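Engineer: predicted model and sequence follow; I will ask about them next.
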Amino acid sequence: MKRRTLLLAAPLGLLTPGAFAAAPMVEVWKDPSCGCCHDWVKHLDANGFATRVRDEGNNAARARAGIPQKLGSCHTAFVEGFAIEGHVPAREIKRLLAERPEGAIGLAVPGMPVGSPGMDGAVYGERRDPYDVLLVLAGGRTRVFQSYR
């Protein structure tokens, strides 16, 4: 909540126990020169996540997470014990954190599909390629978590 909202709400008893809940921290490993990664981080920030960026590349982070190379993208992130590979929409990360599917190690959007968050800037015009957000399970198995068409 913003300070002004807090000042107005407090005397009225409108504060809820979750009013001061911290935003989930997403730690992102990316290449220092990657513009689409930067845009994806801005997408997360705009959707209620706190972010910490490490400009060290993401190959070691992806391997540490157990994300198969074939699911790779340009950045790897971690949030509340889950790995996030590629341009995963904030909406799906929030769903993952709410549902916490058994056996899940994270989510992946392989490659860099145009129209996904961070790959949706003016340079791409109105183009939107279909893509799937994959739930990554232990051992590298996957299933579709959400389709974007």
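Structural biologist: Received the coordinates, thanks. Numbering: from 1, shown residues only.
Engineer: going forward, measure contacts and count neighbours with C-alpha atoms only.
Structural biologist: OK.
Engineer: which residues of the protein fall in strands?
Structural biologist: In the chain, the strands defined using DSSP state E lie at 25-30, 50-54, 75-79, 82-86, 104-109, 131-137, 142-148.
Engineer: tell me which of these sits nearest to L44.
Structural biologist: Evaluated with CA to CA, the strands of the chain place strand 50-54 nearest to L44, the distance being 7.5 Å.
Engineer: can you give me the buried ones in stretch 111-126?
Structural biologist: By neighbour count on 16 or more other CA atoms under 10 Å, the buried set for stretch 111-126 is 112-120.
Engineer: now do the same end-to-end measure for that stretch.
Structural biologist: Distance across stretch 111-126, first residue to last, is 19 Å (CA to CA, to the nearest Å).
Engineer: quick one: residues in contact with it.
Structural biologist: With contacts defined as CA atoms under 8 Å, 6 or more residues apart in numbering, stretch 111-126 is touched by 36-41, 43, 71-74, 86-89, 127-131.
Engineer: at 6 Å what do you get?
Structural biologist: Residues from elsewhere that reach stretch 111-126, judged by CA atoms under 6 Å, 6 or more residues apart in numbering: 36, 39-40, 73, 87, 89, 128-129.
Engineer: now those in JSON lines, with neighbour count, pLDDT and distance to A61?
Structural biologist: Shown next, in JSON lines, are those (neighbours: other CA atoms under 10 Å; pLDDT from 0 to 100; distance: CA to CA, whole Å):
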{"residue": "C36", "neighbour count": "18", "pLDDT": "95", "distance to A61": "18"}
{"residue": "D39", "neighbour count": "17", "pLDDT": "96", "distance to A61": "20"}
{"residue": "W40", "neighbour count": "23", "pLDDT": "98", "distance to A61": "17"}
{"residue": "S73", "neighbour count": "21", "pLDDT": "96", "distance to A61": "12"}
{"residue": "H87", "neighbour count": "30", "pLDDT": "98", "distance to A61": "16"}
{"residue": "P89", "neighbour count": "19", "pLDDT": "98", "distance to A61": "19"}
{"residue": "R128", "neighbour count": "15", "pLDDT": "95", "distance to A61": "28"}
{"residue": "D129", "neighbour count": "12", "pLDDT": "97", "distance to A61": "27"}
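Engineer: most packed of the strands of the chain?
Structural biologist: Among these, strand 82-86 has the highest mean neighbour count (mean count of other CA atoms under 10 Å), at a mean of 26.
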